[in-house]
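Engineer: sequence isn't available, so here's the structure alone:
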């Protein structure tokens, strides 16, 4: 249990039983443990601020608290979880009418940070520990979420089919993602050298790796590189999807590999690809200029491009002939080609 939640249980009368009821409702509805912890942590802050149960607060008190959070510059995620946590709590306690009056939150459509291939290479070469290198390789090579990679067991790695079985991902969905040969070799080497038990990445007392352990692996590797971007484990998932899209994989297949419920979630990577490949000149400037890599091939095989290029030469030659005829004064100007 989070320290702030423990403190609220000690100092605010009735908060501990409220937490137990909230935990029961969240688990029954199928929400994740991370959702439970975020809601309880934010609601505990609210209870300690007023030294009262959140369900006993008036709407004005809740709005005053939200105003204070905004004025103090609280993190957007903390503000969001406070509002969502209160909504869920009020519904769970049979007070849905008060939840309606809480502010509606609009999701900001921020484009994700994406690394270049050169930056990924630098990041993969940075770790000293083999375990950390394999963690980064799986995050990028398979596009896993932080919660998914830390729950991987050795039995989930299928070397016969070159697949990783993701169990109970976001939304409690299972899926398979393919492994490349480089990643297979790295994992096999890691299994031989580190000899993990049950979990692919063992934490303390042979339990699954903690979220902080995954974040530390990426943060320590990033510190040894020249990368100036803000990078987290989820950045490698964004990079995985963007690089697949740039290499020609269709958006629907990427949606399934990422485990997204809605195609709209995956569509954000289209904007990243377009942003990284923006044309900064007019396409008219290069319409009739053959590309160097294709000039030899196009000269052998007539194409629409060559026809346009030839037609332009004809027009220029005809225009020059007309000017010459006008200068000589031999005949009138013709206005048709």
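Structural biologist: Structure received. Remember, it's a predicted structure, so these values are computed and weren't measured experimentally. Numbering: from 1, shown residues only.

Engineer: quick one, strands of the protein?
Structural biologist: In the chain, the strands defined using DSSP state E lie at 157-158, 163-166, 175-178.

Engineer: same list (the ones you listed) but as TSV, adding mean neighbour count, distance to residue 249 and mean pLDDT.
Structural biologist: C-beta coordinates here come from the backbone N, C-alpha and C atoms, glycine included. Shown next, in TSV, are these (neighbours: other C-beta atoms under 10 Å; distance: least, C-beta to C-beta, whole Å; pLDDT from 0 to 100):
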stretch	mean neighbour count	distance to residue 249	mean pLDDT
strand 157-158	16	21	95
strand 163-166	19	17	94
strand 175-178	15	11	93
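
Engineer: tell me where the stretch 1-150 of the chain has helices.
Structural biologist: Here the stretch 1-150 of the chain has its helices, by DSSP state H, counting those that start in this stretch, at 3-11, 15-28, 33-50, 59-72, 76-92, 96-99, 117-125, 130-142, 146-150.

Engineer: could you list every helix and strand in contact with the fifth one?
Structural biologist: Packed against helix 76-92 by the contact rule (3 or more C-beta pairs under 8 Å, 6 or more residues apart in numbering; DSSP states H and E) you find helix 15-28, helix 33-50, helix 59-72, helix 96-99.

Engineer: can you list contacts of the first one?
Structural biologist: Applying C-beta atoms under 8 Å, 6 or more residues apart in numbering, the external contacts of helix 15-28 come out as 5, 8-9, 35-36, 39-40, 43-44, 47, 53-55, 88-89, 92-93.

Engineer: tell me how many other residues crowd residue 66.
Structural biologist: If you count neighbours by other C-beta atoms under 10 Å, residue 66 ends up with 18.

Engineer: can we start the residue count at 31 from this point?
Structural biologist: Sure thing, new numbering starts at 31, so read that last one as residue 96.

Engineer: that one and residue 113 touch, don't they?
Structural biologist: Yes: in this structure, residue 96 is within contact of residue 113 by C-beta atoms under 8 Å, at 7.2 Å.

Engineer: hmm, back to that, the helices and strands packed on helix 106-122: which one's closest to residue 146?
Structural biologist: With C-beta to C-beta, the closest approach to residue 146 among the helices and strands packed on helix 106-122 belongs to helix 63-80: 30.2 Å.

Engineer: if you count neighbours, what's buried in that closest one?
Structural biologist: 65-78, 80 (16 or more other C-beta atoms under 10 Å).

Engineer: so how far is it from its chain's centroid?
Structural biologist: Relative to the centre of its chain, helix 63-80 is centred 26 Å away, using C-alpha atoms, centre = their mean, to the nearest Å.
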